[in-house]
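**Q** Would you be able to build a 3D model of this:
(chains A and B)
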2 protein chains.
Amino acid sequence: MAQKPSIPKGTRDFTPAEVSKRNYITTVMRKHFEHFGYQPIETPSFENSDTLMGKYGEEGDRLIFKIINSGNYFYNKTKIDLPQSIQELQTNSAETITLEQRVELNKFTAKISEKALRYDLTVPFARYVVQHQNEIEFPFKRYQIQPVWRADNPQKGRFREFCQCDADAIGTKSLWQEVELVQLYDAVFTELGLQGCTIKINNRKILSGIAEVIGASDKLIDFTVALDKLDKIGEEGVKKEMQQKGISPEALVKLQPLFDFVGTIEEKIEKLKTLLENSTEGKKGIEELEFICTHVLQLGLQSSCLDLDVTLARGLNYYTGAIFEVSAPKGVSMGSIGGGGRYDDLTGIFGLKNMSGVGISFGLDRIYLVLEELQLFPNEVTTGTKVLFLNVSEEKAFLALQTILKLRKNNIKAELYPDTAKFDKQFKYAEKRNIPFVVKDVSPDSFELKNLISGEQTTLNFSELTTVLQ
Amino acid sequence: MAQKPSIPKGTRDFTPAEVSKRNYITTVMRKHFEHFGYQPIETPSFENSDTLMGKYGEEGDRLIFKIINSGNYFYNKTKIDLPQSIQELQTNSAETITLEQRVELNKFTAKISEKALRYDLTVPFARYVVQHQNEIEFPFKRYQIQPVWRADNPQKGRFREFCQCDADAIGTKSLWQEVELVQLYDAVFTELGLQGCTIKINNRKILSGIAEVIGASDKLIDFTVALDKLDKIGEEGVKKEMQQKGISPEALVKLQPLFDFVGTIEEKIEKLKTLLENSTEGKKGIEELEFICTHVLQLGLQSSCLDLDVTLARGLNYYTGAIFEVSAPKGVSMGSIGGGGRYDDLTGIFGLKNMSGVGISFGLDRIYLVLEELQLFPNEVTTGTKVLFLNVSEEKAFLALQTILKLRKNNIKAELYPDTAKFDKQFKYAEKRNIPFVVKDVSPDSFELKNLISGEQTTLNFSELTTVLQ
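**A** Here you go, the predicted model:
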């Protein structure tokens, strides 16, 4: 009967210290989300499959976790209609599956599975907005901190279950939202003690403008996808990929200024104005970018830097205006710890048109790793119980619990060791649990307190005990 | 392309007000869990199927949501070995599926699904304890607040996704844990303003003792299951069911005192001592019960009542000692809002023997409904933004954001209306969002503030503004 227990690959158990640290980060996020007027919503862990399927591309569809119908679909059925092509698979010795068979298999999967686990928070948010449009007062500013699931191949730092933390404002085209989202990043990172993050900004319209002026408008997606890889494959790699996708050598020459873009934000904007003077869309992008950057700089940031990065592309196709990406402070090797942008038609897929929105996301797992590396978690975060009362007899235990009850009313985390075990064992428990104080003996108003850090030992009355522990 | 969006039956979207109220309840729980020395852990949403299957009975197995392997198991496969009996199902015209076919179908399900969504927090906790036994310092007191999923038929108050809130102490037989868990219930309900909850207590050993003295030891489970239905089917219904299960009329006569059990806890204990004088196990149960009740009463409860209910049985078979169940204050029609008990061998299924534990659970959804019915949610819980700055021009909007930045540093939730819309529209937004204050006009150090509740309008400088809003 006994099994050697394990968990599915790509998932994690979180220990008390890990949960406390993660909660510390999300508590800071929640606080600032709410300071900025974002309201919390939550959506179900699984959605109807047709809400999710087809929204993330073919690769996305494959990575969505599908749930078998009704707990056990096959129970109490007399007949299962397996498609002919699936039956053929049983005897077919061909190495590969045909496209037709794949389509049949997808249909079969859809038949036995009508629900799927949330792949991100954006599509469920769009679904929520459309479904509840008559109750919502627009513009609607919401935040959402919930797990998502992807059947990705697990790697270092990539999990099959992970938490997303998103803030989006939908139903307004106001660029003040972009200004505030940059401030929101800055407020969260500042409170977390993460000095010197770089908030990179660009605009999809500028990328369209560039594609236009180099004569590659018809290859905008290939162009964006290649540019997005700059961090990973470098300038030469990007150029090579663009060439492979059919972007001409002349166009690549025109593109060169992008790779050599230096100077202040103002100087970069001036250069862009020259580069894009013949593109209406490009000029619109510059105008938006200028509004956002100017106001962010005038209002000032607390600890982050704003940087205009014209090579920033971001993969997701639904972005139409500003795009953001955040890098951890220099010296920490970590990919982006946040990103986002404006999308003009996210809710269109569910039938609600003309709902422009803009949002950002925080990468909880990566922020966690950065705070850990820079030792920025405050000690209090993982300090649980403040004082352990040793258990020496039933009578003393009762006195201890009387005191503990009063301490807890004073917001002091206090515990009685459950059993009358050996002193050694009880002290070891306190040490392993990082409990800083131990009450060795208790009388109705006299407490023998030991500080486990300094080793100091004192005898106190209740009021003194409370003072020391607070 | 447009779809009419909906969510799977038995699941829920939570609006901002609902999330805020739910977070208020769980924040109170977390605070007291930690005051009592319980530490938070989190486990993955899905477990390996063999961790969950077979742990909740046949009915439970059916209600577990199963996930199709690897996002899409059928992709890139050349061959799927469908069992012979499943293929026969396709042409078989018989109305019912045979037992053998059902077994084959279960095997097939297990083949296409190796993961399943968590059904409760108890089995994953047992798995966690066994898997991490070398890192854990026992006794281990953990709490866990996470969603669980059951493919139950949705009904009023019964959902397919719901949140469980559990606190368990494992690795100690000390009855002080039971004493503290009663206090923990009392602390949480008191802080939530829920006066007059009844914490019912009983002991499985007493139930065994009773079954023994009425000569029905071999029918202990039938006896317990029937007794558990007392609230639903009444005394006569319970007796009828017991009779059907083969408990003799003589035994039922002996059982009568249980249904007429009145008096103080002390008096009830005395009666039990007489009733169970010939049962060793029964006497052990009374001893445990007496320890717990006496100490709880001596230490005192803040707002809840303790009640010894000898008809309390609780369905779960793993309980071996104390069992608890909490009723909402009288006058509120609601099933139990919490329950728990001691189990001597929960981790045994995963190969770790002799780990006695005790735990309680809070019913978040039901507590929510009770607080709502009794109007016990504090107003602040759903007050989000404190002040909205109207947006009248780009220049004023900039001044507003300068001020808002400073207000937020003073922990005041403040927003700028994103667009320069009509005043009416902006005021309506503030009203719908329950924002109590509106700044109608802003100059570098002069603010025209309107209190939307009183209608009062004043002109203030920044320091006065901050004071009013705090």
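**Q** How about A:Thr466: what's its closest non-neighbour residue?
**A** Excluding its sequence neighbours, the residue lying closest to A:Thr466 (CB to CB, 6 or more residues apart in numbering or on different chains) is A:Asn410, at 5.6 Å. Glycine gets a C-beta too; all of them are placed from N, C-alpha and C.
**Q** what about the closest residue to A:Asn48 other than its chain neighbours, which helix or strand?
**A** For A:Asn48, the nearest residue in space outside its immediate sequence neighbours is B:Pro8; the separation is 5.7 Å by CB to CB, 6+ apart. Element membership of B:Pro8, judged by DSSP states H and E, is empty: it is in no helix or strand.
**Q** Who are the contact partners of A:Glu277?
**A** Taking CB atoms under 8 Å, 6 or more residues apart in numbering or on different chains as the definition of contact, the neighbours of A:Glu277 are A:Lys283.
**Q** From chain B, how far off is it?
**A** The spacing between A:Glu277 and chain B, counted by CB to the nearest CB, to the nearest Å, is 25 Å.
**Q** So that residue: helix, strand or coil?
**A** Secondary structure of A:Glu277, reduced to three states by DSSP: H, G, I helix; E, B strand; the rest coil: coil.
**Q** which non-adjacent residue is nearest the closest residue to chain B within the stretch 201-350 of chain A?
**A** Shortest the stretch 201-350 of chain A-to-chain B distance, computed as CB to the nearest CB: residue-wise this is A:Phe350, at 4.7 Å. Nearest in space to A:Phe350, with sequence neighbours left out and distances taken as CB to CB, 6+ apart, is A:Val130 at 3.9 Å.
**Q** pLDDT score for that neighbour?
**A** Note on A:Val130: pLDDT of 97.
**Q** what helix or strand is it on?
**A** Element membership of A:Val130 [criterion: DSSP H and E] is helix A:122-131.
**Q** With A:Ala313 instead?
**A** When elements are defined using DSSP H and E, A:Ala313 is found to belong to no helix and no strand.
**Q** any idea which helix or strand comes after the helix or strand hosting A:Lys107?
**A** Assigning secondary structure by DSSP H and E places A:Lys107 in helix A:99-112. On the C-terminal side of helix A:99-112, the closest following helix or strand by DSSP H and E is strand A:115-117.
**Q** Tell me which residues are up against that following strand.
**A** Residues from elsewhere that reach strand A:115-117, judged by CB under 8 Å, 6+ apart: A:45-49, A:52-53, A:64-67, A:69, A:148-149, B:8, B:45, B:67.
**Q** Which of those residues fall in helices?
**A** Helix and strand membership here follows DSSP state H; of these, those in helices are A:Ser49, A:Leu52.
**Q** are any of the contacts of strand A:115-117 buried, and which?
**A** Buried residues within the contacts of strand A:115-117, counting neighbours by 16 or more other CB atoms under 10 Å in any protein chain shown: A:45-49, A:52-53, A:64-67, A:69, A:148-149, B:8, B:45, B:67.
**Q** hang on, isn't the residue nearest to A:Asn48 packed against B:Pro154?
**A** No - under the criterion of CB atoms under 8 Å, B:Pro8 makes no contact with B:Pro154, lying 9.4 Å away.
**Q** what's the overlap in contacts for those two?
**A** With contacts defined as CB under 8 Å, 6+ apart, the residues adjacent to both B:Pro8 and B:Pro154 are B:Arg160.
**Q** Surely A:Tyr185 touches A:Ile360?
**A** Yes - under the criterion of CB under 8 Å, A:Tyr185 makes contact with A:Ile360 at 6.6 Å.
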